[in-house]
Structure formats: structure tokens, C-alpha cells
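Peer 1: task: produce atomic coordinates for the following.
(chains A, B and C)
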Amino acid sequence: MTSLFEYAPAPESRSIVDIRPSYGLFVDGEFVDGTGTPLKTVNPATEEVLSEVATGSEEDVDRAVRAARRAFVKTWGPMRPADRGKYLFRIARLLQERAREFAVLETLDNGKPIRESRDVDVPLAAAHFFYHAGWADKLEHAGLGPAPRPLGVAGQVIPWNFPLLMLAWKVAPALATGNTVVLKPAETTPLTALLFAEICQQADLPPGVVNIVTGAGETGRAVISHPDVDKVAFTGSTEVGRSIARAVAGTEKRLTLELGGKAANIVFDDAPIDQAVEGIVRGIFFNQGHVCCAGSRLLVQESVHDEVVASLQRRIGTLRVGDPMDKNTDLGAINSAEQLARIRELAAFGETEGATCWQPEGELPDRGFWFKPTVFTDVSPAHRIARDEVFGPVLSVMTFRTPDEAVAKANNTTYGLSAGIWSEKGSRILKVTDQLRAGVVWANTFNEFDPTSPFGGYKQSGYGREGGRQGLAAYLSSGDQK
Amino acid sequence: MSDRLAVRKTYKLYLGGAFPRSESGRTYEVHDTRGHFLANAAWASRKDGRDAVVAARSAFGKWSGATAYNRGQVLYRVAEVMEGRAAQFTEEVAAGEGLSTAKARAAVDAAIDRWVWYAGWTDKLAAVLGSTNPVAGPYFGFSVPEPTGVVAVLAPQRSSLLGLVSVLAPVLAAGNTAVVVTSKERPLPAITLGEVLATSDVPGGVVNLLTGDAAEIGPWLAEHADVDAIDLAGAPAPLAMELERSAAGTIKRVLRTPAEEPDWTADPGLSRLRPFLETKSVWHPIGV
Amino acid sequence: MTHVLDPNALADTSSGTGTLPDPFADVTRSNDAFRAFLHGLPGVDQVGAEARAKVLGTRSIKTTAKAWAIDTAISMVDLTTLEGSDTPGKVRALAAKARRPDPTDPSCPAVAAVCVYGDLAGVAQEALAGTGINVAAVATAFPSGRASREVKLADVRDAVANGADEIDMVIDRGAFLTGRYLDVFEEIVAVKEACGSAHLKVILETGELVTLDAVRRASWLAMLAGGDFIKTSTGKVSPAATLPVCLVMLEAVRDFRTATGRQVGVKPAGGIRTTKDAVKHLVLINETVGSDWLSPDWFRFGASSLLNDLLLQRQKLRTGHYSGPDHVSVD
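Peer 2: Just a heads-up that it's a prediction; the model follows:
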């Protein structure tokens, strides 16, 4: 259907970023060559190769860990806490100053809409540094005893869905608590982490405090299994999380995991329907559904099922899918061919298992990795699309009749990262919120994040929290902890 | 000295609020530190472990849903009832651990006091570990600690009562339910504790005590998909590593243990509460 | 409770004055019944509605889309003067501007209507004769609405007699806020009848209703009573038109058409001063109700200074350089 009001292309200019043809590893304050076979990173919206990025070998990782250890012992550890805080404030400001650059680069490398990288990823990343900066000289008030101590060197492995934001979630608390880090960005999205390395240089952060070692799974394994790493933090799939937990078993390494999810978004018949529909859309189509806390299971009270689905479909019809660099794009590219294949496979299961698939009209670009926003109705809790994490723009709709049934269905998953509830009745919201086994519950909203709000999972969605006072515990040892 | 012949106690499992024998029919001899026969204890099997997990899971909703005040009173009641049976505990601890009566009595007193200490924690945890979150937007945000779920506890091997209470009480105070594998060589105080729990308003299934071998039952519990966390206090180092590795398969929370059994008289702080608490963060818009 | 949004409730009968559309035939049988109906409409979460409006406000409208939007916005303007100091001369000047907003460029569209007090409707009608531009008159003891019903109806009849094509009435906010919904409803029905063939725009004065829940209820009340347009504000109360309010009203007309088959127009008024504001509203229409509302028949801007900013932006697009206030006429 053509509209009277077609928006002309409004592309963000990419001239603000200067992508180098190749990047090394960031170790001990400078860029160095990696000894592994370099990786090519592509723009998933066009399949254009953006740059060649070094792969860190075991030996490179060892160098990075030694640099981090030196910095921990010689500079960062002994530094006045207030000064550590000031470095983090500097980083926060530098991120704000160069926000546009980060946003453009993130969108090019990741495929997410520029509107999201500009309005969500980058501002939140800066906010995380600003928030944690203030903690650096107040840790004795964090509830972890009178003199909590840093753990040492943190090995951190992050995913491709929010490359810069996940870096901030990991690096900011680690540094604020006096640890040094070796960070491994995701294989398909290394560029903003490498730009962040430049920020560290501009901030005059002492060498070795932050080390960034790019590469794929092997590099990540080297980071988490390095014997001189004291703390491992991982965000990614539950499958990899299991192998990491296995790898650190029997060591002294402390571990936090932020893994997959299959969140229920529960809509009661007294919900503010228009906002609920917005929340459903935001819950599953934000960042192409590449969100561990995505509201991928919609549970609608039977009495409003038809009207909610109709409203939802009408609303999805207005989503603008396409060029991530266009400021009006709502849904960008799938991050990689591999992820696209997985989404296609699971969506195909949905149809063979008997669910009804709906997608809006419209063309997808010829090049790049794309998947239309998709809604499955007539989904049974036994279907794979109701149980497996798709990590893509695919929503499964189920119904319930009573609050008890809603809670039972919502909790019927091995995951427990997040959940949503929509109702205008306060007491019901509080009751259901209490019964949901999930680490984040959004009531009458969805996919909101803030550095002051601890984030993390129940069950097989992982353990440990990121953000808030509670998040500091992952990087500190206190008198009452072994 | 009376010439009355004593009535001996049969030591069984404590499972789902009842005292069954092991489904396997097995028992093993328990001796004091000088090798004298004390009793035959039930030798729990993996199937007893499985049944215990079912009991603990079904008890979880009610126990975790009870008010913190109520849980605190129940745990305090445990201390009250233990106090009345202090002599019996003292005798069992003295025999099992080879302590003088005075030292055994001190351990019993410390164990009772530990219940009192944790009883007082139930309604403080939310204030101490929770928060309101000043998010940068029109939302009310708060975080609350919530129990993890079913916790498998491998109780310390040496300290048969104080050690046991030190690992069990925090699991309960946090609102979890427990499947405990007791000290293998020194299981008798655990079963007497079961009798105390059974008469202290602790609902059946909240605590399940299995006498037997951690090396035999532990692996099943570490792999069990319906166990949310495991405390490795009573697992020796090689076993502990194997169990931690198994627990990774279902992303269990694992409380590791130092190579040497710690001094259980030390102030535990929050160290045994935090590992079995989750944090739930809640958001709601603020509007008219 | 939410059957009004049921997509299957579409009735093919479109209603005239006095009869309620099919699915709602009995909702006004008593004030209690009407209250139950209005309070049974889905609630509006203020934060969610504001967030949605804000995201739509970030749409980037450039080049050809911007040119289309500016011309469309000009064609939707109800060029308004509602001052105690208004005179026939002022109204004639406004009418001249309404016909040819940009005298240097004949391709510039005319506005939709000129909006004046009822006593000056005749002057406006004379000045606009044969142009196709409508005369809108405010009535019903505008802006407060604090007069007896007889006086209000007389006000309406007078304006219509003076040549008004459109009547902009105000609802009785006092009655609405105390829950006397049926009184408000009946008054609108009476005014609609007094309008005869004139179109009726019902001003909700959303700045006095305060909550978006109340805006949704008042919108439905006005539509059920036969209003041809629902309008946000008099322009005399702050806040006047805001994007979240307009969003909720657009959702209401969308749902009402789905339920009854009858389309109702929307008019934000007051506080819309810049091209940017106007374009944001067009985006709001486009992505909430779609093209069916993207015409002056179904959407109006009640504004005075907005037109000049639209003209300045239009000149900028045409000439490629920025213009200044002396290049558009002073009203």
C-alpha cells in the first residue's frame, strides 16, 4: 500500500567515521599486530567489507593479560580511587563528544538502525561510564564490607548485538572497582571496541588498564582460560555460557554470565492496548530482536487476543525495514549470514509445527542479511518457536485465560532473564511481578535499560548482575566473601 | 543407675516431612571416633535424591512466598526446639566428632545461636540487598532479592552439626528449599536435626536430609535440571571440581568451598546468603 | 470492555445526527451506562504515549517529502484570529492571506479555512466568497463555554446565519470532569442540530482535561454525539495541542471508524508554531491512521503564526537559501 506521504531517504552521513583498512589489537596502550589470521568485518546491510581486523592468538592474549596484570599491580590498583573515577568521567565525556561517530560506526558494523545506535546504544554506554565513575571512590558504601578489594584482571567476552553498550556494561564496573581488563569483542562487530581503544588513548588511561583483543571463539577461550585471569564475565549464548562455566570449574576465577532468554510479555484484558502494542513491538523488534531479553513470547488474554493481534499487525505494517543508515529506519539488517540462517531455520520449524506465520507486505533489499518482522499465531507452548531463543524479529503469540495460567506459561521455560506485564490494575501487576521467575520485569513498558538498574537472569539465563550497586559485587571481594 | 534397657533410635532419612528408609533398603554402620558402633544409618541412593528434589520443589512456592516475618519466626522456632534437645545433640556431637562434652556443648550452642542469627536476617535482606533505582526516565524502578529455588547442599564432613546448620540456615533464610547430603561419617546429628525441623513449623519438603555419600549422590544433584544451585561445602577438592563442571550444564549457581573445612564459628556475614539470592529489577512508568 | 476496538465490530451503517452508530446504540441510555462505557475504554499509559510521540518526532523529513509536507500543512491550516480586538479589517486581511498565502508564488496552496468569532463570520464569508475556503466560527460561549445552553445554541445559530461553514464548539469541561457525561453529550447533539449543514468541530480543551484517559473518553463522547471533527484546544488554555494528545485523538478516530464505519476529523489547535511541529503532526497521522486522514477534509491545524513559518520554509526549499520575516506578510 503506498502512502500519500512517502519519506524521502534521510541517510546519516558516514563521512564522520574514518574506518582504517586494517586494525591491530589494543594491548598495553597501543595498537599492535595480532599473530592469528586476520578477520574481515562486513556491513551486514550491504555485505561490504569494512575492514580487516587482527585475530588474537593465545600468545597475544597472554601478552594482553600480562599487560593488564602489570597495570593492576603498578598503576591502576595503587591509584587513588578518586582518580580512577576521574578517568571514567573522562571516558564518559569523550563518548558523548564523539557520540555521532560511534553511532555511525556501530550501525555500519552491526546493521542496527542509526536511530537506535544514536538514541539508545551510545547514550547508554556513556551513561554507564558516568554512573560507575562515581562509584570508584565510594565502594566502601556498596554493602560489600568496609574495605572491598578488586579481584585483579578481568577477562571479558561480549556479544555482537550491542557491541559498544556491552563493552560499557563490562568495562565500566570493572575499572570503577579497580580491576584491569582484557576484553574480547564479538567476531562480527569489533569496530566500536577498537574506536573505544582510541578513546582510552585520548583519555590518557594508563597503558594496560584496558586491553582489547579481537578474534573469534578461539580467542575468547584463550581469554577465559588464561591462568592469570581472576574474573571472567561473559554475555552471549547459553550454550557458550555452559562451556565457560565448565572451563572455570575448579579454578579460583569468579564468574558472571548473562545468557539467553525467551521472555514472556503478558497482556491482560485491562491493558492500555495501544501502549501494549507499542511495547510488544519494542519488545521483539528492537534491535531486530537481537536482544537476550526480547519479549519473544506474547501471552495475550483470550478475550482480547483478536484485537491485540489485529492492532499489532497494523502497527507492524508501519515499521520501516531497510537501510540502517536511514534515520527513519525502524528495523535494520540481521547481523550475519549465520544468524540469518538460524532465524530462517527456526521460523521454518514454526510453520511445519503448525503455527500460522504472518509478515507484513514490502520488499527487502537485494544485498545484505534481512528478515521481515514476523508474527506466529496459533503457537502451542510445545512448539520450538515457543521454547528456543530465535534471537531475531520473530514473535510467538499464545493465549491464557487467568492470571495463574499466565504466570505458569510465562515461567514454563528454562530461561529467566526478563518478562513483561501489561495491565492497568496495580495489585495484579505486583502479584504477577512477584511470581515471575525473571531478573527484569517491565510492567507497562519493555526494553528499558539504565545503569542504576541491575540486569541479569534467573535460571539458565545466567547469574550475576550488571548495573546498580548489586552489579559491583561481580568485581569485588569483601571480608565476608571467600 | 537404672537397669532399664534403653530404647534405641532408628536413624532414617528426612524427606518431604517424613522419615522414610532409603528406597534402596541400604544402611551403613556409623561409629564414633574410637570405632565403637553407634547406629545403622540409612544409606541414601540417587533415587532418594530425586525424590528429595521433587519434595523440595513442591515446597518452594509456599516457603518462598511466606512473609519474611513468618520465615524468621519459623527459623527462630528451630532454635527454640533445638535448645530443648541440647543434651541429645551434645551427646551425638561428642560421640561423632570425638569432642569433650564441654566442647560438644559449645558447638551445639553455636549452632542454636546461628539459627537465631539467620532468623533475624529474613526480613532485613530486602533492605540490605535491594534498592530503588533512580533511572533516568519517568519510571519507578526497584530491585528485590529473591530466593534462587532448590539448593543442593553437600554438608561439611567434619563439623556434623554446627557446620550443617551454618550451611543450611542461610539457604532457608533466603527463602530457598534444600536437599542436603549430610556428613557421611557423622550423620546422626543431622537426623536429630530433622526431628527438630519436623516439630518446628518448617513445612515438609523445605528441608530434606539424606544420610550417605556426597560422592555418590552429589553428581546426580549437580546434573539435576530442577536443582538451581549447589553448595559444595562437603565435597573434597577433586569431587568439587567434577560437580562444578556438571553443574555448568544447567547454569547452576555454585558455592565453592576452600580446600580446608573452614572454622564454622567465624561470623559468616552475607557470604552464604548472596549465592542463593537472585535480584529482580522491576520497572513501571510514572504518569497520570 | 474493549469490544469497541474489536475489528469484527465494523458496522456498515453510518450514522446521522441523533442516532448512535450500531454497536453503541444503547450506551447513552443513562448517565451510569454512559459512564460505564467511557470508563471501559482501554486506558492510556501516559509515559508510553509520550514515548511513542517522541520517537515519531525524530522522523527525518527531507527534500521531496518535506516539500509535500509543507504544502499539505498549508492546505490544512485554519487561519485563525480570536482576539477581543478583532475587526472587519483584520478579518479581511486574514482572508486575503488565506487565499494567497505567498503572493510571490501562485503555486502555493490556499489554506483550508479562516477561523473567527461568530460576529465576524459574515465579513469572512464575504471576503472568501467563491474561493472554496471555508469560514469557521467559534461558538457556544467560546472559550470557557460557561453560559446556559440556550445562549450557546443561539450563539451557534447566529454564527451559522452569518455564513459560517464550520462551527467550532467547546464542550462543558465542568460537566465532563464531574462525570455528567450525558449532559455533555446532549449538548453536543443539540449543537450539531443547530449547525444544520455546517460541519461541527468539538473542542475538548484537553489542557483542562489533563489526563490522556480523559482525552480518549472525551473523544469518544464527541464522536458518538455526532461531531465531524474533534479538536484539541481553544488556544486560550495552556498546554494546548501536544503530540501525545493528538496521538490519542488519532487512535480514537481510527478505532471509531473501525467500529462504526464513520470517519471523524482531527484538529490540533494552539501552540503549533513551526514547520517542524506541523511535520511532526503529519508524521503522527501517517503512522497512526494513515493516508485517509492526510487531507484538509480530515485534518486541520488551528493556528495563526504557523502559516508564516511554513511559508518561510517553503521559500527556503524553493530558493535554496534562508529567508527572513520581512519576506512573509505580517498578519
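Peer 1: check which helix or strand residue 93 maps to.
Peer 2: Using chain A. Element membership of A:Arg93, judged by DSSP states H and E, is helix A:81-97.
Peer 1: right idea, wrong chain: chain C
Peer 2: Assigned by DSSP H and E, C:Ala93 falls in helix C:88-99.
Peer 1: ok so, going back, what's in contact with the following helix or strand past the helix holding A:Arg93?
Peer 2: Going down the chain from helix A:81-97, the next helix or strand is helix A:99-110, by DSSP H and E. Residues from elsewhere that reach helix A:99-110 (Cβ atoms under 8 Å, 6 or more residues apart in numbering or on different chains): A:12-14, A:16-17, A:19, A:41, A:43-44, A:50, A:95, A:112-114, A:117-118, A:121-123, A:125-126, A:160-161, A:163-164, A:188-192, A:195, A:324-325, A:332, A:335. Just so you know, the C-beta spots here come from the backbone N, C-alpha and C atoms, and that holds for glycine as well.
Peer 1: sort out for me which of these are in strands.
Peer 2: Counted as lying in strands by DSSP state E, out of those, are A:41, A:43, A:50.
Peer 1: just to revisit the earlier point, separate out the buried members of the contacts of helix A:99-110.
Peer 2: Neighbour-count burial (16 or more other Cβ atoms under 10 Å in any protein chain shown) applied to those gives A:12, A:17, A:19, A:41, A:43-44, A:50, A:95, A:112-114, A:117-118, A:121-123, A:125-126, A:160-161, A:163-164, A:188-192, A:195, A:324-325, A:332, A:335.
Peer 1: let me see the ranges of the helices in chain C.
Peer 2: Under the criterion DSSP state H, chain C contains helices at C:31-39, C:46-57, C:63-75, C:88-99, C:121-128, C:149-161, C:173-177, C:181-195, C:206-209, C:212-224, C:243-260, C:275-288, C:306-319.
Peer 1: which residue packs closest to B:Gly205, ignoring adjacent ones?
Peer 2: Residue nearest to B:Gly205 in three dimensions, not counting chain neighbours: B:Ala59, with 3.1 Å by Cβ to Cβ, 6 or more residues apart in numbering or on different chains.
Peer 1: show me what from chain B comes close to chain C.
Peer 2: B:138-139, B:285-288 (Cβ under 8 Å from any Cβ of the partner chain).
Peer 1: can you turn the buried part of those residues into a PyMOL selection?
Peer 2: In PyMOL, this line selects whichever of the residues of chain B next to chain C come out buried by 16+ other Cβ under 10 Å:
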select buried, chain B and resi 139+285+287
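Peer 1: how about the ones in strands among the contacts of helix A:99-110 in a markdown table, adding pLDDT?
Peer 2: Shown next, in a markdown table, are those (pLDDT from 0 to 100):
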| residue | pLDDT |
| --- | --- |
| A:Thr41 | 98 |
| A:Asn43 | 98 |
| A:Leu50 | 98 |
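Peer 1: which among the residues you listed gets closest to chain C?
Peer 2: Of all these, A:Asn43 has the smallest distance to chain C: 20.6 Å, by Cβ to the nearest Cβ.
Peer 1: so where's chain B shaky on pLDDT?
Peer 2: B:1 (pLDDT under 70).
Peer 1: the nearest residue to B:Leu273 once chain neighbours are set aside and B:Arg274: what is the separation?
Peer 2: Spatial nearest neighbour of B:Leu273, excluding adjacent residues (Cβ to Cβ, 6+ apart): B:Pro170 at 4.8 Å. Noted for B:Pro170: a distance of 9 Å to B:Arg274, by Cβ to Cβ, to the nearest Å.
Peer 1: of these two, who's got more company?
Peer 2: The residue with more neighbours, out of B:Pro170 and B:Arg274, is B:Pro170; 27 against 22, by other Cβ atoms under 10 Å in any protein chain shown.
Peer 1: now do the contacts for A:Glu466.
Peer 2: Going by Cβ under 8 Å, 6+ apart, A:Glu466 touches A:169-170, A:173, A:256, A:258, A:454-456, A:474.
Peer 1: what's around whichever residue of the stretch 351-482 of chain A sits closest to chain C, how many residues?
Peer 2: When scored by Cβ to the nearest Cβ, the stretch 351-482 of chain A has A:Glu424 as its residue closest to chain C, at 4.4 Å. Residue crowding around A:Glu424 was assessed by other Cβ under 10 Å; the count is 16.
Peer 1: with B:Lys124 instead?
Peer 2: Neighbour tally, B:Lys124, other Cβ under 10 Å: 12.
Peer 1: quick check: phi and psi at it.
Peer 2: For B:Lys124, the backbone dihedrals (degrees, to the nearest 10) come out as phi -110, psi -20.
Peer 1: please report the distance of it from chain C.
Peer 2: Distance, B:Lys124 to chain C, by Cβ to the nearest Cβ, to the nearest Å: 33 Å.
Peer 1: again with B:Thr148
Peer 2: Distance from B:Thr148 to chain C, by Cβ to the nearest Cβ: 32 Å.
Peer 1: contacts only, for that residue.
Peer 2: With Cβ under 8 Å, 6+ apart, B:Thr148 has these contacts: A:458, B:174, B:176, B:228-229, B:253, B:276-278.
Peer 1: picking up where we left off before, what does the helix holding C:Ala93 contact?
Peer 2: If you take Cβ under 8 Å, 6+ apart as the criterion, helix C:88-99 is touched by C:79, C:81, C:110-111, C:113-114, C:116, C:120, C:123-124, C:127-128, C:131, C:133, C:307, C:329, C:331.
Peer 1: repeat for stretch B:123-133
Peer 2: For stretch B:123-133, the external contacting residues (Cβ under 8 Å, 6+ apart) are A:143, A:450, A:452-454, A:468-470, B:67-69, B:72, B:140-145, B:173-174, B:270, B:273-274, B:277, B:279, B:281.
Peer 1: end-to-end on that stretch?
Peer 2: 20 Å (Cα to Cα, to the nearest Å).
Peer 1: next one: it to chain centre, how far?
Peer 2: Its chain's C-alpha centre and that of stretch B:123-133 lie 23 Å apart, by Cα atoms, centre = their mean, to the nearest Å.
Peer 1: again with stretch C:143-160
Peer 2: The chain centre lies 19 Å from the centre of stretch C:143-160; the measure is Cα atoms, centre = their mean.
Peer 1: what about residue 35, how many residues close to it?
Peer 2: Going with chain A. If you count neighbours by other Cβ under 10 Å, A:Thr35 ends up with 14.
Peer 1: correction: the question concerned chain C.
Peer 2: The number of residues packed near C:Arg35 is 16, by other Cβ under 10 Å.
Peer 1: state the pLDDT value of it.
Peer 2: Note on C:Arg35: pLDDT of 98.
Peer 1: pretty sure it sits against C:Thr178.
Peer 2: No: taking contacts as Cβ atoms under 8 Å, C:Arg35 lies outside contact range of C:Thr178: 11.1 Å.
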